[in-house]
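Chemist: Sequence first, then the predicted structure, then my questions.
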Amino acid sequence: MFDADLTQNDVIELSGRFDASQVDKARAIFDRITNSSTVSFKNLEYISSAGLGVLIATQKRLNESGKKLKLSNLNGHVKDIFYYAGFDKIFEIE
């Protein structure tokens, strides 16, 4: 199960497993983001390359207007994926 909720403070809270079957659901949330925002991975167990693609596309779109995504609360496994892929150079990770 996957869920993505946009809070009033422009925080996107992810939970569950973010894989290819959840891309459309995630895009519906991420496409609404127009300001710099934080993505909380606190309750996210897994992210696939399809999920990473949604994040990269959103970051690219936001960068065009001088804005960005900040990623927070990544668990050890998910954080490793971001560092191994070099995404720590694309995203601010707390």
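Modeler: Arrived safely, thanks for sending.
Chemist: phi, psi of K67?
Modeler: Per-residue torsions, K67: phi -110, psi 180 (degrees, to the nearest 10).
Chemist: show me the contacts for Q22.
Modeler: Q22 is in contact with 2, 16, 50-51, counting by C-beta atoms under 8 Å, 6 or more residues apart in numbering. For glycine as for every other residue, the C-beta is placed from the backbone atoms N, C-alpha and C.
Chemist: 10 Å - rerun?
Modeler: 1-4, 14, 16, 47-48, 50-51, 54 (C-beta atoms under 10 Å, 6 or more residues apart in numbering).
Chemist: now the helices: where do they sit in the protein?
Modeler: For the chain, helices defined by DSSP state H occupy the ranges 23-30, 49-63, 76-84.
Chemist: Distance of the residue nearest in space to the middle of the chain relative to S40?
Modeler: Centroid-nearest residue in the chain: L55, 4.6 Å away (criterion: C-alpha atoms, centre = their mean). Using C-beta to C-beta, to the nearest Å, L55 is found at 13 Å from S40.
Chemist: which one is the spatially most distant residue from the centre of the chain nearest to, not counting chain neighbours?
Modeler: Centroid-distance maximum for the chain: S65 at 18.0 Å, with C-alpha atoms, centre = their mean. Leaving out its chain neighbours, the residue that sits closest to S65 by C-beta to C-beta, 6 or more residues apart in numbering is T34, at 7.8 Å.
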